[in-house]
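Engineer: What would the 3D arrangement of this be:
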Amino acid sequence: METLLTRLLALGPVFFGFLLFAPMLNGVLVNLGYTQVFGLPSLTASLVVGGSWGVIALLRGRWL
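Structural biologist: The predicted structure follows:
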């Protein structure tokens, strides 16, 4: 159980990207009137951006 929890916590930036950043970005896009981005629904585009940013942060070890 401890190793499972350790592995899940190591993926923290990816979870942050998907579970916090993506919905926030989606809310901003919807409030600005962008319901579709490059032909994708705004939620899908937000999940792609948030997940990608989370993976990059995980690999680089920092957000910026």
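Engineer: Helix or strand: which one has the residue nearest to residue 58 when sequence neighbours are not counted?
Structural biologist: Distance criterion Cβ to Cβ, 6 or more residues apart in numbering; nearest residue to residue 58, sequence neighbours excluded, is residue 13 at 4.5 Å. Placement of C-beta: from N, CA and C, glycine included. Following DSSP states H and E, one finds residue 13 within helix 12-16.
Engineer: Show the subsequent helix or strand relative to that helix.
Structural biologist: helix 22-31.
Engineer: how far does that next one sit from the chain's center?
Structural biologist: 11 Å (Cα atoms, centre = their mean, to the nearest Å).
Engineer: Name the residues that touch that helix?
Structural biologist: 35, 37, 42-43, 45-47, 49-51 (Cβ atoms under 8 Å, 6 or more residues apart in numbering).
Engineer: what bits of this protein have low per-residue confidence?
Structural biologist: Counting by pLDDT under 70, the chain contains no low-confidence segment.
Engineer: Tell me who's in contact with residue 43.
Structural biologist: 22, 26.
Engineer: Can you list the buried residues in the helix ranked longest in the chain?
Structural biologist: For the chain, the longest helix by residue count, based on DSSP state H, is helix 42-60. By 16 or more other Cβ atoms under 10 Å, the buried positions in helix 42-60 come out as 42-43, 45-47, 49-51, 53-54, 57-58.
Engineer: so it versus helix 22-31, what angle?
Structural biologist: Interaxial angle, helix 42-60 versus helix 22-31 (axes from the mean of the first three to the mean of the last three Cα atoms, to 10 degrees): 140 degrees.
Engineer: So that it lines up with my notes, have the first residue be 34 from now on.
Structural biologist: All right, first residue 34 from here; so that's helix 75-93.
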